[in-house]
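1. Quick one: sequence plus predicted model below, questions after.
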Amino acid sequence: SAVISQKPSRDICQRGTSLTIQCQVDSQVTMMFWYRQQPGQSLTLIATANQGSEATYESGFVIDKFPISRPNLTFSTLTVSNMSPEDSSIYLCSVGSGNGAYNEQFFGPGTRLTVL
Amino acid sequence: DQQVKQNSPSLSVQEGRISILNCDYTNSMFDYFLWYKKYPAEGPTFLISISSIKDKNEDGRFTVFLNKSAKHLSLHIVPSQPGDSAVYFCAASAEGTYKYIFGTGTRLKVLA
């Protein structure tokens, strides 16, 4: 399985500011995803990060709030913009294990964000 | 609308006994299911999966059972070990999509 790292591992931010989270994979992968896990909730897919094109966002998530970059097959960033306390969550990137229809996804360690 | 449900938020089991974690789903289009384990301050780790063409998949101490008619799956851990103490998430997807829907998780505590 791929080795996935995320930076920062945690941060405490002020309301109204923005934070960019980085995800680095040790091998080239086709599929990269960004998830959010709010306190006591399940993991929710924010978007699929597409290399060379705009990310595909899930219902309830928009590019202005969560801009995503995917400059190559090993790296992606997620920005949480104009933060509010409701954005306090763990943000996780994941990668698909292959190109088939059924793929396990492997997750990074997560970024724990607290917004004051 | 929670399409994947784990109705037991927590479970305690004695070391050496069987742990049974349950998961229910509502979407009949789901045909691939996974279990993940998550330790504090770490990302979820893939554990085991099953496709809808099977009703059982086994990997060492871990077995997943799928009952399609009941839209129910379960994860059995035998024998349970203290290192199994973690939060377990089930996830489901439909063929042709890469989107997984996760349950809210069950916190398993294995008592020594």
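-> Here it is on my side, so go on. Numbers count the residues shown, from 1 in each chain, chains lettered A, B, ... in the order given.
2. Which residues outside stretch B:69-79 are in contact with it?
-> Here stretch B:69-79 makes contact (CB atoms under 8 Å, 6 or more residues apart in numbering or on different chains) with B:15-26, B:28, B:33, B:35, B:47-48, B:50, B:61-67, B:84, B:88, B:90, B:108. Where C-beta positions appear, they are placed from N, C-alpha and C, glycine not excepted.
3. quick one: what helix or strand has the residue lying closest to residue B:11 once chain neighbours are set aside in it?
-> Spatial nearest neighbour of residue B:11, excluding adjacent residues (CB to CB, 6 or more residues apart in numbering or on different chains): residue B:108 at 5.1 Å. In the assignment (DSSP states H and E), residue B:108 maps to strand B:106-111.
4. which other residues reach that strand?
-> With CB under 8 Å, 6+ apart as the test, strand B:106-111 has contacts from B:6, B:8-15, B:19, B:21-22, B:77, B:80-88.
5. Just the buried residues of the residues you listed.
-> B:6, B:11, B:13, B:19, B:21-22, B:77, B:80, B:84-88 (16 or more other CB atoms under 10 Å in any protein chain shown).
6. what's the closest non-adjacent residue to the residue of chain A found nearest chain B?
-> Chain A approaches chain B most closely through residue A:107 (3.4 Å), counting by CB to the nearest CB. Leaving aside its sequence neighbours, residue A:107 sits nearest to residue B:43 (CB to CB, 6+ apart; 3.4 Å).
7. for stretch B:98-112, the distance to its chain's centre please.
-> Its chain's C-alpha centre and that of stretch B:98-112 lie 6 Å apart, by CA atoms, centre = their mean, to the nearest Å.
8. I appreciate the help and will end here.
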